[in-house]
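Peer 1: Sequence first, then the predicted structure, then my questions.
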Amino acid sequence: MIPNPETKYRPFPPVHFPQRTWPDKKITQAPIWCAVDMRDGNQSLINPMDHDRKIKFFKLLIECGFKEIEVGFPSASETEFNFVRFLIENDMIPDDVTIQVLSAARPDLIERTFEALKGAKNVVFHIYNATAEIFRRIVFNKSEDEIIELATSATQIVKDLCTKYPETKWTFEYSPENFSLTEIDYAIRICEAVTNVWNPSKERPMIINLPSSVEVNTPNVFADQIEYFSTNFAQRDKITLSVHPHNDRGTAVATAELALMAGADRIEGCLFGNGERTGNVDIITLAMNMYTQGINPKLDFHDIKRIVEIVKECNELPVHPRHPYAGELVFTAFSGSHQDAIKKGFQARQNQQHSYWELPYLPIDPADLGCSYEAVIRVNSQSGKSGAAWILQQNHGIELPPHLQREFSSVIQQQTDQTGHELTPAEIWDIFRTQYGLKNQEKLVLQEFNVEQNAPNSTKLKLTLAINGKKVTLEGVGNGVLSAGTAILKAKTQLDFRIVEYNEHTLGKSSDSRSISYIKCSNKNGDSFWGVAIDNDILGSSLKALLNAVSQFID
Ligand SMILES: CC(=O)SCCNC(=O)CCNC(=O)[C@H](O)C(C)(C)COP(=O)(O)OP(=O)(O)OC[C@H]1O[C@@H](n2cnc3c(N)ncnc32)[C@H](O)[C@@H]1OP(=O)(O)O
Ligand SMILES: CC(C)C(=O)C(=O)O
């Protein structure tokens, strides 16, 4: 039996803040981004990154355009320490990139961290201590004032040590860990106390980073916390207000977006939302969400597949196939009605008069992430007539006539129902060719033909066929080539059929493109069959399509 949640869990109290303005705000520009993959992401990995993986990740983050990168927790281990030294000593940090390092608000750890940073050009020195009541009571066993003293004395130590290394441009960052669980007025009090010690200016602001270290409330409540903080913080104009959402409730992206509307300037997060437990906020999703609203995110994810591969290798973790913007299935429709709308969307795009992206079920152009349209439609038993038609169109330039689309869709449906599996484009092509006579049709095979125009509306046709491998030459007359062909075949096979539908088009755009013809024949019993054929000229493809259709009446 599931335990009674009413006696086990308490609801998170809302913030009383009727003056809130964020619900009417819009996100209009990219925030300052800080990638914390190499610290928060790294500390949560089964196997933290070794030196080589860290270098690879660092280079990737630079390529993506990050200007602030938390490169580690140098006092945690030799690997972390040496990695920071390696970056500095090998001049691997571009001048426009600031590295960030984290230390607990503990003197010994702070001192060790400074040792790692000697010679760095631009550094964000980031310290944290937990501030929520449960941490004050259980972890630290300290009063509110004692925790403030812990934070301010650590800030003073950082400040003093910074003056020892004037060659570095220092920015200070303070995080009241578990901010979202902390009483909001106490969070303001401790951050103001720290700010007073650091004494930032408008020109040299410090960063106050408000983490939902564990996500405990709905994004609107977090947004209220941020706006309340931003409105009531005494030296607001001297700080950069940063957020650091985690994803325990699965709403980190919404939390970050609403926090921006509520006044946050900066976001800390990880690629694909790696990080402690359920992860940090996913910066790729956030950035691409902005992009699809017409906002330049100032980050570059144009080759998402490569980014996925590098991150998977470095983190030794998979990226979910449905991960927004990046998963291997996120641009793919299997279901019939979605496929139909997407196919029509691409057709409509050819005549579109404006530049905006407008495509049913595809909120972003896959090409913007370096993906092709190939996987947009895939075919299984949930697919309708447009699915297989799209695959033939994309891969072979085939524009199936509407009735043939329906008929072919039922052929495909039978196959997928039987196997229960997806059909690949190659399998669909094979089924198509087999079904309509393009492959292995040996009952009626055209070898040669000759057309003579006797008089207006009278065409004489001479056909050389292989009928079940036996060569015969036949002649007939009709209004045109197809009616002459029909007459010949009726006489030879004694079948009573007629052509009920005929379509053709060229395959490709050049003048020497091949032709494809589609012919449907019916008999008196109501049986009907499609034949399809491709040939260098339209007469050849028409005659072959006729033979391919008629061959299906023959046992
Ligand atoms: C929310 C976050 O993600 S914060 C970042 C967390 N990241 C990491 O922890 C990864 C790197 N950390 C480490 O490798 C280790 O924690 C080390 C090497 C830095 C330190 O390890 P240890 O010395 O064993 O200390 P540990 O971090 O376990 O903390 C235990 C002690 O520090 C105290 N402490 C914890 N956090 C803080 C803090 N922010 N400021 C001051 N003291 C703290 C605890 O109260 C405890 O003290 P006690 O022993 O007197 O009870
Ligand atoms: C150190 C802080 C910012 C942190 O990682 C967290 O609270 O999740």
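Peer 2: Everything's here; your move. Predicted, not measured: the structure shown is a model, and the values here were computed from it. Ligands and ions are numbered 1, 2, ... in the order given.

Peer 1: So Cys191 sits against Gln235, correct?
Peer 2: No. If you go by Cβ atoms under 8 Å, Cys191 and Gln235 don't touch, sitting 9.4 Å apart. Just so you know, the C-beta spots here come from the backbone N, C-alpha and C atoms, and that holds for glycine as well.

Peer 1: just checking, Arg137 is part of a helix?
Peer 2: Yes. Judged by DSSP: H, G, I helix; E, B strand; the rest coil, Arg137 forms part of a helix.

Peer 1: Let me know how buried it is, in neighbour terms.
Peer 2: 11 (other Cβ atoms under 10 Å).

Peer 1: and the closest residue to ligand 2 within the stretch 451-555 of the chain, backbone torsions?
Peer 2: Distances between the stretch 451-555 of the chain and ligand 2 by Cβ to the nearest ligand atom are smallest at Lys509, namely 56.3 Å. Dihedral pair for Lys509: phi -110, psi -20, per degrees, to the nearest 10.

Peer 1: Show me what from the stretch 1-150 of the chain comes close to ligand 1.
Peer 2: Residues of the stretch 1-150 of the chain lying close to ligand 1 (Cβ under 6 Å from any ligand atom) are 40, 43, 73, 75-76, 104-106, 109, 128-129, 139-140, 150.

Peer 1: Any of these buried? List them.
Peer 2: Buried members of those, scored by 16 or more other Cβ atoms under 10 Å, are 40, 43, 73, 75-76, 104-106, 109, 128-129, 150.

Peer 1: restrict those residues to contacts with ligand 2.
Peer 2: Answer for these near ligand 2 (Cβ under 6 Å from any ligand atom): 40, 128.

Peer 1: Which member of the buried ones among the residues of the stretch 1-150 of the chain next to ligand 1 is positioned nearest ligand 2?
Peer 2: The shortest approach to ligand 2 among these belongs to Tyr128, at 3.9 Å (Cβ to the nearest ligand atom).

Peer 1: Tell me where the stretch 451-555 of the chain has strands.
Peer 2: In the stretch 451-555 of the chain, the strands defined using DSSP state E, counting those that start in this stretch lie at 458-467, 470-478, 497-507, 514-523, 528-535.

Peer 1: For ligand 1, which of the ones you listed is the nearest?
Peer 2: Nearest of the strands of the stretch 451-555 of the chain to ligand 1, taken as Cβ to the nearest ligand atom: strand 497-507 at 59.1 Å.

Peer 1: ok, and the closest non-adjacent residue to the closest residue to ligand 1 within the stretch 201-350 of the chain?
Peer 2: Across the stretch 201-350 of the chain, the shortest distance to ligand 1 (Cβ to the nearest ligand atom) belongs to Ser213, at 4.7 Å. Closest residue to Ser213 apart from its sequence neighbours, by Cβ to Cβ, 6 or more residues apart in numbering: Asn178 at 4.5 Å.

Peer 1: show me the contacts for the one you found.
Peer 2: Asn178 makes contacts with 130-132, 134-135, 211, 213-214, as judged by Cβ atoms under 8 Å, 6 or more residues apart in numbering.

Peer 1: how about 6 Å then?
Peer 2: Asn178 makes contact with 130, 132, 213, according to Cβ atoms under 6 Å, 6 or more residues apart in numbering.

Peer 1: quick check, nearest of those residues to ligand 2?
Peer 2: The shortest approach to ligand 2 among the contacts of Asn178 belongs to Ser213, at 3.2 Å (Cβ to the nearest ligand atom).

Peer 1: Show me how the record splits the chain into domains.
Peer 2: Structural domains annotated on the chain: 31-315, 336-351+365-435, 444-553, as defined by automatic domain parsing.

Peer 1: Quick check: which of the ones you listed is buried the most?
Peer 2: With neighbours defined by mean count of other Cβ atoms under 10 Å, none of these is more surrounded on average than domain 31-315, at a mean of 20.

Peer 1: Can you give me the end-to-end span of that domain?
Peer 2: End-to-end span of domain 31-315 (Cα to Cα, to the nearest Å): 25 Å.

Peer 1: Run the chain-centre distance for that domain.
Peer 2: Relative to its chain's centre, domain 31-315 lies at 25 Å (Cα atoms, centre = their mean, to the nearest Å).

Peer 1: For Thr218, which non-adjacent residue is spatially closest?
Peer 2: Nearest non-adjacent residue to Thr218, counting by Cβ to Cβ, 6+ apart: Thr251, 6.9 Å away.

Peer 1: where do the strands sit along the stretch 151-300 of the chain?
Peer 2: For the stretch 151-300 of the chain, the strands defined by DSSP E, counting those that start in this stretch occupy 169-177, 206-212, 239-245, 266-269.

Peer 1: now for the last one, which elements pack on it?
Peer 2: In terms of contact count using 3 or more Cβ pairs under 6 Å, 6 or more residues apart in numbering; DSSP states H and E, strand 266-269 is assigned the packing partners strand 32-35, strand 239-245.
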